[in-house]
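Peer 1: okay, predicted coordinates and the sequence, questions at the end:
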Amino acid sequence: MRVLKSRAVVSSFIFYFMFFFIFLLGGVSVSNANQEVIKEISKCPKSPNCVSTLVDSKRHKMAPWAAASPDVMKKIKAAALKEPRSKLISESDTHLQFTFKSFVFRFVDDVWIALKDGKVHFKSAARTGYRDFDKNKERMERIQARVYN
């Protein structure tokens, strides 16, 4: 009987230790993931097929959005998923990542969205090609209109 009780105590200890350890690592990974998304948002290639809120180039620059409500990321997610051929790649409380495919040639655009300093920052960029004929800018404006109107 003592052996069973001691095994139960050890098993409980291991379970709670693992739960605590996983919880700690989970918190770190979300924070690191948001930092990685912010790094990604702050880069655009020289080609005109990218827009971002965290670049200096006038060609690529768009204004960040206000994080007006606590559920702004849920609203952005819902608005982005209304876009045709959209796919949610990853999400957390502080960031979202999507892909969007063009209708005819199935070109893929990547979109990263993250909360930083009380604002919503984003990047929308084509994976291939040189021009996008302002498709990324127009998509982000449509998503913004859905969220804030």
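Peer 2: That came through, no problem.

Peer 1: quickly note the distance from residue 146 to residue 84.
Peer 2: Distance of residue 146 to residue 84, computed by Cβ to Cβ, to the nearest Å: 13 Å. Every C-beta, even on glycine, is put in place using the N, C-alpha and C of the backbone.

Peer 1: between the two, tell me which one has more neighbours.
Peer 2: residue 146 (15 against 8; other Cβ atoms under 10 Å).

Peer 1: against residue 34, how distant is the more buried one?
Peer 2: Distance of residue 146 to residue 34, computed by Cβ to Cβ: 23 Å.

Peer 1: using the three-state scheme, assign the residue nearest to the spatial centre of the chain.
Peer 2: By Cα atoms, centre = their mean, the chain has its centre lying nearest to residue 96, at 2.1 Å. State at residue 96, reduced to three classes by DSSP: H, G, I helix; E, B strand; the rest coil: strand.

Peer 1: what about the strands in the chain?
Peer 2: 50-52, 65-66, 86-91, 95-101, 108-116, 119-126 (DSSP state E).

Peer 1: of the ones you listed, which approaches residue 77 most closely?
Peer 2: With Cβ to Cβ as the criterion, residue 77 lies closest to strand 95-101 of the strands of the chain, at 5.8 Å.

Peer 1: strand 108-116 and that closest one, what's the angle between them?
Peer 2: If you take axes from the mean of the first three to the mean of the last three Cα atoms, to 10 degrees, strand 95-101 sits at 160 degrees to strand 108-116.

Peer 1: counting by contacts, list what strand 95-101 packs against.
Peer 2: helix 2-41, helix 72-81, strand 86-91, strand 108-116 (3 or more Cβ pairs under 8 Å, 6 or more residues apart in numbering; DSSP states H and E).
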